[in-house]
Every structure is written in structure tokens, then in C-alpha cells.
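Enquirer: Take this sequence and fold it.
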Amino acid sequence: MPLVAHNALPTFERLRAEGTTVLSTERAASQEIRELHVGLLNMMPDAALEATERQFYRLVGESNPIAQFYLHPFTLPTLPRGDKARAHIAAYYESFDAIREAGLDALIITGANVSQPNLADEAFWQPMIEVIDWAWDNVTSTLCSCLATHAVMQFRYGQTRVKQPAKIWGVFEHRVTDARHPLVADINTRFDVPHSRWNDISRAQFEAAGVRVLAESRAAGVHLAVSPDGLRTVFFQGHPEYDTVSLLKEYKRDLLLAAAGKLAWPPFPAGVFDLQAQALLAEYAARLRAGEALDFPESRLVPRLDNTWHDTAEGVVGNWIGCVYQVTHRERGLPFMPGIDPNNPLGLTA
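Expert: Below you'll find the model as predicted:
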């Protein structure tokens, strides 16, 4: 059902122009449809802040016809920000204190840039843990993306991510490994998901924590898992929210950093570029190495990109919203309905 434009966030106009249904607060108030309030803790760096915002808003807005969605973006004050991002946050984002006071039905936590080998040494660790701790007791379900998954697994379950010998980067085939859970109801048993990470939590680590693995890739590892109760925490290790061009833009960034001597020359992300695109990029990289100044051939590459993950991502997020709707009380601030076991809110069998 629609997103509700309850503030002037530019993302609403961008999504409306794409065809996503976005209601004004006046029109939303005239409809007899339940509200769901979803928080977005956006910890992404400045360059990806607004894109990440749009990606998750789009997924939620397209996901499920049962509710009107009020999204509440916020971030952490310890994250470094430039002037433009600070102005955007000041104009459109809410404070965690205000969100904690009002309450949420569900929460999404994005990834973040890291600079320390141990996540607990990051400047954002303590304020992030404060949010995670609050959500555990007060929010029906929290969806963790990539680094947020690693943080919760370390903080809540004592499972520390492991640096990999090579970056897990590209679009990878996955299979559903536990079709009994409603999060994977009516989605393809085999589907793609983008990944972009150096670190991994293995299946063995998830299972040692009692976390239920729902989908994984032979090449990229576990993507989708859920906490032992079945809903309180949903874990993504991949990036199903990514746009079609997201990995192309990451490759462009790394290629230009390599040309400036700040990074090793990157390999192609797996499963993204066809042979013609690879030839175009190989020629471009060779000319960069030779010291030529030339424009990145993005306009020639974008038509050659396929999106093989968005429909499944929409299905999983739709199922997640449906589960949240099923178990939340109509009165805000009471996350579980009377008679619902908070240790097994969906009534799942082992």
C-alpha cells in the first residue's frame, strides 16, 4: 500500500515520479486503512545516504497492500557528515529520542562504512547498540542490512564476522533452504541477490547462535536468516535493496580510486557485466592506466545491465511487513497482541 508523505523529504517526489504510490497526509487520513510506522536508521556515508533512503522506501512502498506506511528516517550523531548531508538530515530526519518516544512497528537498519577491524571500536558502535537494544524490547521486528547484521550477531550472539581473502562482490544465485518460514512464502526457490562486503558470518556461526537460515548462496554464503523466535530480528547479508546501477557505480568509484593510486585495480563484480560490457570496461581501464583523461562510459553500459533480484526482494519485504502486521497490536507502543508468545510470535514449528 502507499507511502505517506508526512514531511517534505525529496525522496517522496522521486518515488512518485517513478510510479510509486505516495499519498499526502490529508488523503491518507481519509482512508480506513491501518497505519504502520517503520523506522529507517540510515548509517550510510554521505554519497549513498539519499540513494539508500530511496531504495528502502521503494521496497517498503511497493511491498504490501495491507497498510499505509509512515517511514521515519534517522541517523547517528557520531557518523561523520559533510555540509550537504547535515543539511538534509536537519531538514528531513527525526531524532532517535523522538522516535523512541513515539514508538515504531518495525525498524530497518542499514550498513555503514567502517574503519576499524573490530566493529566495537567504531565511533558509531555504542549509539547503534542503544538503538538495537531499545528495538529488541519495543519494536516487533528489526530488519538488519549487511553491516547491521554483523553488528547484531556480534553484540547479541557473540559471533564475530570473519574477513574474507577476496571481496564478496557481485550478483549471486541463492536458494531457499527453509521454505517453512512465512518470510519466504511464494517467492522463487532460486533467486539472485547483490552482495558487496569483505566480511562474512557463516552458516555455522548463524546456527551456533540458534539463528534460522532461510536462504544462502554456494558462492556468497548466507543471505537471509531470522532470530530464534522467528521474527524479532531479520538478517540480510546481501543488498536486495540495490538499484540496477548500484554495483556499476561501485565499480566506477573503485576504478577511479585505482587510477588515482589509492586502491588496487578492481576485478569485475561477479554476474554484473556481459562480455561486451567487460570489453568496454577493459578498454576504459587500459586508457586510464595510460594516463588518458576520459569520461566513464556509463551511458553505454547501463542498457546492458539486468535486474534479477528486485521482485524477490519486494516479495520478502512484503512478507516481512505482513508478519509485522499479523503480530502488532493496533495501539502503538504495544508491539505484541494479547495471546501472542513474544518468543514465537508467528507460532512456528521447529
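
Enquirer: Next up, phi/psi of the residue lying closest to Glu216 once chain neighbours are set aside, please.
Expert: Closest residue in space to Glu216, ignoring its immediate chain neighbours: Val222 at 4.5 Å, by Cβ to Cβ, 6 or more residues apart in numbering. From N, CA and C alone the C-beta is placed, and that goes for glycine too. For Val222, the backbone dihedrals are phi -70, psi 130 (criterion: degrees, to the nearest 10).

Enquirer: show me the contacts for Val222.
Expert: 201-203, 206, 213, 215-216, 235, 237 (Cβ atoms under 8 Å, 6 or more residues apart in numbering).

Enquirer: cool, Arg161 as well?
Expert: 119, 150, 153-154, 199-201 are the contacts of Arg161 under Cβ under 8 Å, 6+ apart.

Enquirer: Let me know whether Val200 touches Gln159 as I believe.
Expert: Careful, residue 200 is Asp; it's not Val. No. Counting by Cβ atoms under 8 Å, Asp200 does not reach Gln159; the two are 10.9 Å apart.

Enquirer: that older thread, I'd like to know which of the contacts of Arg161 is nearest to Glu53.
Expert: His150 (21.3 Å; Cβ to Cβ).

Enquirer: Got phi/psi on that closest one?
Expert: When quoted as degrees, to the nearest 10, the phi and psi of His150 stand at phi -60, psi -40.

Enquirer: what about the protein, any weak spots by pLDDT?
Expert: 1, 3, 5, 19, 23-33, 64-65, 329-342, 347, 349-350 (pLDDT under 70).

Enquirer: Could you chop it up by domain?
Expert: Taking automatic domain parsing as the domain assignment, the ranges for the chain are 3-243+307-327, 246-304.

Enquirer: got a list of what Leu346 touches?
Expert: With Cβ under 8 Å, 6+ apart, Leu346 has these contacts: 182, 230-231, 323, 326-327.

Enquirer: ok, for Arg289, nearest residue in space, not its chain neighbours?
Expert: Closest residue to Arg289 apart from its sequence neighbours, by Cβ to Cβ, 6+ apart: Ala259 at 7.4 Å.

Enquirer: next one: Glu18
Expert: Nearest to Glu18 is Arg58, by Cβ to Cβ, 6+ apart, at 7.5 Å.

Enquirer: quick one: secondary structure of the residue nearest to Phe273 when sequence neighbours are not counted?
Expert: Spatial nearest neighbour of Phe273, chain neighbours left out: Leu281 (6.5 Å); criterion: Cβ to Cβ, 6+ apart. When classified by DSSP: H, G, I helix; E, B strand; the rest coil, Leu281 comes out as helix.

Enquirer: What residues does Leu281 make contact with?
Expert: 251, 255, 268, 273, 297, 301 are the contacts of Leu281 under Cβ under 8 Å, 6+ apart.

Enquirer: What about those, which are in helices?
Expert: Residues of the contacts of Leu281 located in helices (DSSP state H): 251, 255, 301.

Enquirer: need the next SSE after the biggest strand by length in the chain, C-terminal direction.
Expert: Counting by DSSP state E, the longest strand found in the chain is strand 162-176. Next in sequence after strand 162-176, counting helices and strands by DSSP states H and E, comes strand 190-200.

Enquirer: what distance separates that next one from the middle of the whole chain?
Expert: 12 Å (Cα atoms, centre = their mean, to the nearest Å).

Enquirer: which residues does Glu62 contact?
Expert: 20, 314, 318.

Enquirer: So which elements touch the helix or strand hosting the second one?
Expert: Put plainly, it is Glu314. In the assignment (DSSP H and E), Glu314 maps to helix 310-327. Secondary-structure packing of helix 310-327 (3 or more Cβ pairs under 8 Å, 6 or more residues apart in numbering; DSSP states H and E): strand 35-41, helix 46-61, strand 106-109, strand 141-145, strand 190-200.

Enquirer: Contacts for the helix or strand following the second one, please.
Expert: So that's helix 46-61. Counting by DSSP H and E, the next helix or strand C-terminal to helix 46-61 is strand 68-74. With contacts defined as Cβ under 8 Å, 6+ apart, strand 68-74 is touched by 1-4, 6, 9, 23, 28, 31, 33-42, 53, 56-57, 60-61, 92-96, 99, 102, 104.

Enquirer: Now that we have those residues, which of them are buried?
Expert: 1-4, 6, 9, 23, 28, 35-42, 53, 56-57, 60-61, 92-94, 96, 99, 104 (16 or more other Cβ atoms under 10 Å).

Enquirer: Number of residues surrounding the residue nearest to Arg289?
Expert: Counted with other Cβ atoms under 10 Å, residues neighbouring Ala259 total 18.

Enquirer: wait, doesn't it sit right on Leu288?
Expert: Yes. Between Ala259 and Leu288 there is a contact under Cβ under 8 Å: 4.4 Å.

Enquirer: picking that back up, from the contacts of Leu281, which two are the most distant?
Expert: The span of the contacts of Leu281, defined through Cβ to Cβ, is set by Phe268 and Pro297 at 14.3 Å.

Enquirer: quick one: the helix holding Glu314 to strand 35-41, angle?
Expert: Relative orientation of helix 310-327 versus strand 35-41 (axes from the mean of the first three to the mean of the last three Cα atoms, to 10 degrees): 120 degrees.
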